[in-house]
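# sequence and predicted structure are below.
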Amino acid sequence: MKMSWYFTITWLIILIVSFLVSRLLLIHLFGLNDDSTQWWFIPFTSVAFIYSLIFVFVLTLSSVTIFLNLFKKIRDHWVLSLLAYSLIPLAVFSGMIVSEIIENGSDVETIRSITKFSSSLVLPHLVCTLIGFLHFRKLMMKGKFN
């Protein structure tokens with residue numbers, strides 16, 4: 001299997017799975033599956049839901065950095081390869097939490113709220129990239145991409 005083909009398939013799987021899982025988590029978080037929602041609240045939650053899905057889609061598109069593993073220097077170093085897979089989602093997740101703490105203080109309820117929201121957006125993508133990375137390293141250990 002050609003390495004560029006492998007990374008293209010991996011990238012598409014990450015895109016689809018993280019988008020679908022984040023969508024399900026956001027539906028639950030925004031309460032869009034609840035019938036008791038007031039009629040005037042639905043447009044606001046729907047707009048927030050759409051913008052959140054756009055964010056997840058753009059985050060997933062930014063994961064094209066996995067193609068940096070086509071370079072032998074990055075592919076051979078475990079840490080550089082891991083960063084190529086998951087640096088952007090990890091930085092986005094950390095940045096969202098730190099910026100919210102700076103903006104609103106270190107109130108426990110605020111931290112819990114932003115962690116729940118940012119986890120719904122970023123963590124499915126981060127989990128998918130880590131699974132992809134572990135699969136790639138497993139194939140590297142078997143000598144399929146040398």
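Sure, I can see it.
# now the helices: where do they sit in this structure?
Ranges of helices in the chain, per DSSP state H, are 3-30, 42-61, 72-76, 78-104, 108-141.
# could you say what helices and strands the fourth one packs with?
With contacts defined as 3 or more C-beta pairs under 8 Å, 6 or more residues apart in numbering; DSSP states H and E, the packing partners of helix 78-104 are helix 42-61, helix 72-76, helix 108-141. Every C-beta, even on glycine, is put in place using the N, C-alpha and C of the backbone.
# lowest-pLDDT helix or strand in the protein?
Every helix and strand in the chain was compared by mean pLDDT, DSSP states H and E; the lowest is helix 42-61, with a mean of 69.
# contacting residues around the spatially most central residue of the chain?
Relative to the mean C-alpha position of the chain, the nearest C-alpha, by C-alpha atoms, centre = their mean, is the one of residue 125, at 2.4 Å. Contacts for residue 125 (C-beta atoms under 8 Å, 6 or more residues apart in numbering) come out as 14, 18, 22, 56, 59-60, 63, 89.
# out of these, who's nearest residue 145?
residue 14 (17.8 Å; C-beta to C-beta).
# which non-adjacent residue is nearest that closest one?
residue 128 (4.5 Å; C-beta to C-beta, 6 or more residues apart in numbering).
# kindly report the same for residue 93.
Nearest to residue 93 is residue 122, by C-beta to C-beta, 6+ apart, at 4.2 Å.
# what about residue 109, how many neighbours?
8 (other C-beta atoms under 10 Å).
# what about it, distance to residue 93?
Per C-beta to C-beta, to the nearest Å, residue 109 is found 19 Å from residue 93.
# residue 121 reaches residue 56, doesn't it?
Yes: counting by C-beta atoms under 8 Å, residue 121 does reach residue 56; the two are 5.7 Å apart.
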